[in-house]
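Asks: Would you be able to build a 3D model of this:
(chains A and B)
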Amino acid sequence: MKEVLTISAIFEIAPQLWRGVQITVSILIASALFAYAMSFIAGLCRLSNNFLLRKLTGFYVELFRGTSLIVQLFWLYYAVPMLFGINLGSNWWIGVIAIGLNYGAYLSEVVRSSILSVSQGQYEAATALNMSSFQRMRFIIFPQAVRMMLPEFGNYTIQILKGTSLVSLIGLTDILYYGDVMRSTSLSLSPLIYLTALIFYFILALPLIFLTRKAEKIAKKGAAS
Amino acid sequence: MNLNYWSWDTFFDALPVILQGLGITIGLTFASYLFALIFGFLWTFLRRIPNRFVHFIVTWTMEFIRSTPPLVQLFFIYYALPVIPYIGISLHPFACAVLGLGIHFSTYIGEIYRSGIENVDKGQWEASTALNISTWDKWRKIILPQAIPPTIPMLGNYFIIMFKEVPLASTIGVAGIMLLARSYGAENWSYLEPLTIVGIIFLVLSYPSAVLIKKLENRFNKRFHKNQIMKDKGAMQ
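Replies: Coordinates of the predicted model:
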């Protein structure tokens, strides 16, 4: 029992958990980039004039928003290799694909609603200036919409960081995995182990929190200034 | 695509087994949501304490809870809470999940309440002071009845979000649909059908509720939009 109270135990725990930071951060970066890419692809496809494209991406978005990340992760882990006979590479890739597809679906709604919220006058002015629809999107609509998206992208990146903790359930050696390994050998230390793990996650989240606050300011300022 | 692995026999064999956990899953959603609704008020009022130090502590505690994984928080409550000396208590997995998910989402709910309270017109505060209404009555009869209804669609969204986080509780042994599906999979060496069933259940329950909330939101927007226009006009004069 005394063991628990010694704060010096943190110096034992932290290096152990540190071994998992690499996996957590690599999954965070890869799945965030994947989610951003998916969000722009799906968000723009849902605004396209093509009926089939719109319905297909709508199906993807509702499918992934309607079920939870943990279900999707297990489905990709257990069911996809069985059903399609394909190997997704490694568990690392399964984690990245599941998190990326899930948050890509959420973010695509952000992309879509930001583009839709650019005022109608901007579209009309761009058309009046004889811009092609690509130019209109590239130079007029998109730069204004992106500013509005930034805060939500920040918030969802924090959500992605939180989501990465699930990959320990499919055997990836992230921060939580090493925490669980330590807990199984020394249960009395577990309050400090999980507290340290939470602090690790919080330190990783801090830059994202500050970036999100900055993004909120940028979004408020608007494109004009 | 190799459909040979898909077996309808397994599907219909697993379906009744998994559906047994549906009550637990939905019950856990309601219980932790209720907990979050009540606990959210605590955050909101703690943040209103006019002391810089307290404000700083409360704000960053909320930020800490909100930006760390709920899974780790669940593990903390399930594994670590019982071994903390003196205050340690051992809880049933269901209670752990209510506490863990409830506290995690109460920080979000608290923010929603705050936005609702901040949107109440300043004149309402001044009027209740002018009329010498007690603090208790001011909150109960003037501020909260105006602050909370506009936030109902947002609160509803969080209900759906929490429903989708509930399968996390399977990791600490709450026998909802997720845990039953995984144990069925482990016993029969077929994860495909049980996990698909879980996905379908989530989709079937969350998609219609999302549509319902969207409708509710539109109705509320119309109703409160009128007030907003009147408020804007007042501001201009």
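
Asks: Under the pLDDT cut-off, which ranges of chain B? List them.
Replies: B:1-4, B:224-237 (pLDDT under 70).

Asks: Now name the helix or strand holding the residue nearest the centre of chain A.
Replies: Nearest to the mean C-alpha position of chain A, by C-alpha atoms, centre = their mean, lies A:Ile160 at 3.3 Å. Secondary structure from DSSP states H and E places A:Ile160 in helix A:142-164.

Asks: Who are the packing partners of that helix?
Replies: In terms of contacts (3 or more C-beta pairs under 8 Å, 6 or more residues apart in numbering or on different chains; DSSP states H and E), helix A:142-164 is packed against helix A:9-45, helix A:91-117, helix A:190-221. Just so you know, the C-beta spots here come from the backbone N, C-alpha and C atoms, and that holds for glycine as well.

Asks: who's in contact with the residue nearest to A:Thr196 when sequence neighbours are not counted?
Replies: Spatial nearest neighbour of A:Thr196, chain neighbours left out: A:Ile13 (4.8 Å); criterion: C-beta to C-beta, 6 or more residues apart in numbering or on different chains. Contacts for A:Ile13 (C-beta atoms under 8 Å, 6 or more residues apart in numbering or on different chains) come out as A:Met182, A:Leu189, A:Leu192, A:Ile193, A:Thr196.

Asks: Of the residues you listed, which is the most crowded?
Replies: A:Ile193 (28 neighbours; other C-beta atoms under 10 Å in any protein chain shown).

Asks: what about residue 113, how many neighbours?
Replies: Answering for chain A, as no chain was given. Residues lying near A:Ser113 (other C-beta under 10 Å) number 14.

Asks: think we crossed wires, I meant chain B
Replies: Per other C-beta under 10 Å, the neighbour tally for B:Tyr113 reads 23.

Asks: Then A:Pro207?
Replies: Neighbours of A:Pro207 using other C-beta under 10 Å come to 10.

Asks: for A:Gln120, same thing?
Replies: Neighbours of A:Gln120 (other C-beta under 10 Å): 8.

Asks: How about A:Ala197?
Replies: The burial count for A:Ala197: 30, using other C-beta under 10 Å.

Asks: show me the contacts for it.
Replies: A:Ala197 neighbours (C-beta under 8 Å, 6+ apart): A:Leu17, A:Ile175, A:Leu176, A:Gly179, B:Val72.

Asks: and if you look at B:Leu179?
Replies: For B:Leu179, counting by C-beta under 8 Å, 6+ apart, the contacting residues are B:Gly21, B:Ser170, B:Gly173.

Asks: Show me which of these are buried.
Replies: B:Gly21, B:Ser170 (16 or more other C-beta atoms under 10 Å in any protein chain shown).

Asks: Out of the contacts of B:Leu179, which are close to chain A?
Replies: Applying C-beta under 8 Å from any C-beta of the partner chain, the subset of those adjacent to chain A comprises B:Ser170.

Asks: now, among the contacts of B:Leu179, which is nearest to chain A?
Replies: The shortest approach to chain A among these belongs to B:Ser170, at 7.8 Å (C-beta to the nearest C-beta).

Asks: SS state for that closest one?
Replies: Following DSSP: H, G, I helix; E, B strand; the rest coil, the label given to B:Ser170 is helix.

Asks: quick revisit: what's the most buried one of the helices and strands packed on helix A:142-164?
Replies: Sort these by mean neighbour count, taking mean count of other C-beta atoms under 10 Å in any protein chain shown, and helix A:91-117 sits at the top with a mean of 21.

Asks: what about that one, average pLDDT?
Replies: The average pLDDT for helix A:91-117 rounds to 93.

Asks: picking that back up, so the residue nearest to the centre of chain A is in contact with A:Ala32, correct?
Replies: Yes: contact criterion C-beta atoms under 8 Å: A:Ile160 and A:Ala32 qualify, at 5.2 Å.

Asks: what's the overlap in contacts for these two?
Replies: A:Tyr103.

Asks: want to try a markdown table for the helices and strands packed on helix A:142-164, with distance to B:Ile26 as columns?
Replies: Shown next, in a markdown table, are the helices and strands packed on helix A:142-164 (distance: least, C-beta to C-beta, whole Å):
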| stretch | distance to B:Ile26 |
| --- | --- |
| helix A:9-45 | 29 |
| helix A:91-117 | 22 |
| helix A:190-221 | 28 |
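
Asks: if we can go back for a sec, using JSON lines, lay out the contacts of A:Ile13 together with pLDDT.
Replies: Shown next, in JSON lines, are the contacts of A:Ile13 (pLDDT from 0 to 100):
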{"residue": "A:Met182", "pLDDT": "90"}
{"residue": "A:Leu189", "pLDDT": "85"}
{"residue": "A:Leu192", "pLDDT": "89"}
{"residue": "A:Ile193", "pLDDT": "91"}
{"residue": "A:Thr196", "pLDDT": "92"}
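
Asks: Would you mind measuring from B:Phe11 to B:Asn188?
Replies: 12 Å (C-beta to C-beta, to the nearest Å).

Asks: now the helices: where do they sit in chain B?
Replies: B:8-19, B:22-47, B:52-66, B:70-75, B:93-118, B:122-130, B:135-137, B:144-147, B:152-165, B:177-188, B:192-236 (DSSP state H).

Asks: among these, which is the most enclosed?
Replies: Most buried among those, counting by mean count of other C-beta under 10 Å: helix B:70-75, with a mean of 24.

Asks: contact partners of it?
Replies: Under C-beta under 8 Å, 6+ apart, the answer for helix B:70-75 is A:162, A:165-166, A:168, A:176, A:179-180, A:183, A:194, A:197-198, A:201, B:65, B:96-97, B:100-101, B:103-104, B:165, B:168-169, B:171-172.

Asks: switch to 7 Å and redo it
Replies: Outside helix B:70-75, the residues that touch it by C-beta atoms under 7 Å, 6 or more residues apart in numbering or on different chains are A:162, A:165-166, A:176, A:194, A:197-198, A:201, B:96-97, B:100-101, B:104, B:165, B:168-169, B:171-172.

Asks: For chain A, list the residues in contact with chain B, please.
Replies: Applying C-beta under 7 Å from any C-beta of the partner chain, we find that chain A lies next to chain B at A:1, A:4, A:62, A:66-68, A:70-71, A:74-75, A:78-79, A:82-85, A:158, A:162, A:165-166, A:169, A:176, A:183, A:187-188, A:190-191, A:194, A:197-198, A:201-202, A:205, A:209.

Asks: now the contacts of B:Leu179 in CSV, with distance to B:Ile112?
Replies: Formatted as CSV, these follow (distance: C-beta to C-beta, whole Å):
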residue, distance to B:Ile112
B:Gly21, 30
B:Ser170, 27
B:Gly173, 31
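
Asks: picking up where we left off before, which among the residues of chain A next to chain B end up buried?
Replies: Buried among the residues of chain A next to chain B by 16+ other C-beta under 10 Å: A:4, A:62, A:66-68, A:70-71, A:74-75, A:78-79, A:83, A:158, A:162, A:165-166, A:169, A:176, A:183, A:188, A:190-191, A:194, A:197-198, A:201-202, A:205, A:209.
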